[in-house]
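S.K.: let's see this in three dimensions:
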Amino acid sequence: MMKNILVIDDSALMRRLISDIIRSDKRFSISDVATNGLEGFDLITLNPTKYDAILLDINMPKMNGIQLLEQLNKTRLKLKIIMVSTLAKEGAKETIRCLELGAFDFVTKPESYIEAKDGAFKEKILTALEYATELVPTTQSMVVDKARPVLPTSSNKIKVDITKPIGLLDRKAHVKVLNNAKKIVALACSTGGPKALHQVIPKLPANLDAPMIIVQHMPEGFTNSLASRLNELSALTVKEAEHGELVQKGYVYVAKGGSQLRIVKSRDGYTLSVTMEPARNGLKPCADIMYESLKDTDYEDITCVVLTGMGGDGTQGIKQLNEKNNIYVIAQDEATSTVYGMPKVVYEAGLVDEVVSIEMVAEAITKNVGVQ
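M.R.: Alright, predicted model coming up:
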């Protein structure tokens, strides 16, 4: 069955280019086109179930992409919307706002017509549509502005029991530690992550008894805007990770896009190692690398959190941590995940202690970690 696509862009050239790309794939059909957000909003509200996915520009007259997303949120319409804009590269703040409002993902427009015809832009558009319209399994990894990651495997996978009540699950015993113990929270997320993080980080108390590190799959240039936006809304200090920075309570460190993040021992405690190096499984930053770096630390309690996202990044790293460290694993549930990939894979690996809705993640973290 063909998937119905709506294209909203004020540029006649881009509408034609994107439409040609979509028509080149027999799985998709251009149902409608709109020249601005207002036209798009009218088409959507006229028949809210018509479109399987929407390609949306940000900078448009009458109603821009951000305003359209805000209106859709007010009407409680849930649609798979992929942002396609030059602002997705030059205006990271606008892109973060779109993702915060529930956009599925984003693709950067080519800088020239020649670049648009080289095939890379076409591949990014079609791949994003594949995942948005669920034409590929969500446990495969998303390819938009990055190479295709490899799905991790596990020797101890268990079958998901969907009848199992949400809450504490059966796993190895987690040892509760004293309040003065060394603790850290390590979180991983991908597609749908920015919106999920906006529902978690602002709810954490300023006196959380552990520092927090986050790997959100994003290209370089976007994670600083994400951290800045979260910092505006949160009691904790949220910032993009900097190389050599001391890891301290009261801080949330967001891994820098296009780099890898590790926690390393230093004379004064633990510091952040931010390095330019090849991607692992197509990912920079990669959650597996971040989790693996915690293996040889003396943190007495490590809380691992896995939220919405394509693929299974983080599972192998958590598996290694589980073999020698005292960890507690919290996974987002399927119902509130934009894409039930990363939390599903770590659950199937038998590594999860607790499954909760996104609304309850902050409470679960705080309950396990405690406050100072």
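S.K.: how does the protein divide into domains?
M.R.: Split into domains by automatic domain parsing, the chain comes to 3-132, 183-369.
S.K.: can you say which of those domains is packed in most?
M.R.: Ranked by mean neighbour count, those are led by domain 183-369 with a mean of 21 (mean count of other CB atoms under 10 Å). Just so you know, the C-beta spots here come from the backbone N, C-alpha and C atoms, and that holds for glycine as well.
S.K.: start to end distance for that one?
M.R.: This stretch, domain 183-369, spans 7 Å end to end (CA to CA, to the nearest Å).
S.K.: got it, and stretch 193-210?
M.R.: 21 Å.
S.K.: count the residues that sit near residue 136.
M.R.: Residue 136 is flanked by 14 other residues according to other CB atoms under 10 Å.
S.K.: that one touches residue 130, doesn't it?
M.R.: Yes: in this structure, residue 136 is within contact of residue 130 by CB atoms under 8 Å, at 5.0 Å.
S.K.: and for these two, which residues touch both?
M.R.: Counting by CB atoms under 8 Å, 6 or more residues apart in numbering, no residue touches both residue 136 and residue 130.
S.K.: pLDDT at the residue of the chain most remote from its centre, what is it?
M.R.: In the chain, counting by CA atoms, centre = their mean, residue 267 sits farthest out from the average C-alpha position, at 33.2 Å. For residue 267, the model assigns a pLDDT of 88.
S.K.: look up how far residue 246 lies from it.
M.R.: 10 Å (CB to CB, to the nearest Å).
S.K.: and residue 349, by the same measure?
M.R.: Using CB to CB, residue 349 is found at 32 Å from residue 246.
S.K.: again, but for residue 123
M.R.: Look at residue 123 and residue 246: by CB to CB, they are 41 Å apart.
S.K.: return the per-residue confidence for the nearest residue to residue 307 once chain neighbours are set aside.
M.R.: With CB to CB, 6 or more residues apart in numbering as the criterion, residue 307 has its nearest non-adjacent residue at 3.8 Å, and that residue is residue 189. Turning to residue 189, the model gives it a pLDDT of 97.
S.K.: my guess is residue 189 meets residue 306, correct?
M.R.: Yes: between residue 189 and residue 306 a contact is recorded at 7.3 Å, counting by CB under 8 Å.
S.K.: what is in contact with the two at once?
M.R.: residue 342.
S.K.: touching, residue 82 and residue 130? I think so.
M.R.: No: using CB under 8 Å, residue 82 makes no contact with residue 130, being 11.0 Å away.
S.K.: save the domains of the chain as TSV, and put in distance to residue 175 too.
M.R.: Output for the domains of the chain, formatted as TSV (distance: least, CB to CB, whole Å):
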stretch	distance to residue 175
domain 3-132	37
domain 183-369	5
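S.K.: among these, which is nearest residue 176?
M.R.: Of all the domains of the chain, it is domain 183-369 that lies closest to residue 176, at 7.9 Å by CB to CB.
S.K.: from the chain's centre, how far out does that closest one sit?
M.R.: 11 Å (CA atoms, centre = their mean, to the nearest Å).
S.K.: same question, stretch 112-121
M.R.: Distance of stretch 112-121 from its chain centroid, counting by CA atoms, centre = their mean, is 27 Å.
S.K.: name the surrounding residues that touch it.
M.R.: 13, 17, 21, 107, 109-110.
S.K.: from those residues, which two are the most distant?
M.R.: Spatially, the most separated pair among those is 13 and 107, at 16.2 Å (CB to CB).
S.K.: I'd like the next helix or strand past the host helix or strand of residue 131.
M.R.: Taking DSSP states H and E as the criterion, the element that holds residue 131 is helix 120-132. The helix or strand immediately downstream of helix 120-132 is strand 183-189, counting by DSSP H and E.
S.K.: so which residues of this structure form strands?
M.R.: 3-8, 28-34, 53-56, 81-85, 105-108, 183-189, 212-216, 237-240, 251-254, 260-266, 269-275, 301-306, 327-332, 354-356 (DSSP state E).
S.K.: lowest-confidence stretch among these?
M.R.: Among these, strand 105-108 has the lowest mean pLDDT, at a mean of 88.
S.K.: can I get that one as PDB, trimmed to CA atoms?
M.R.: Provided in PDB are the C-alpha atoms of strand 105-108 (Å, rounded to 0.1, in the frame of the first residue of the first chain):
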ATOM      1  CA  ASP A 105      13.400  14.200  12.500                       C
ATOM      2  CA  PHE A 106      15.100  16.600  10.100                       C
ATOM      3  CA  VAL A 107      16.900  16.600   6.800                       C
ATOM      4  CA  THR A 108      19.100  19.500   5.700                       C
END
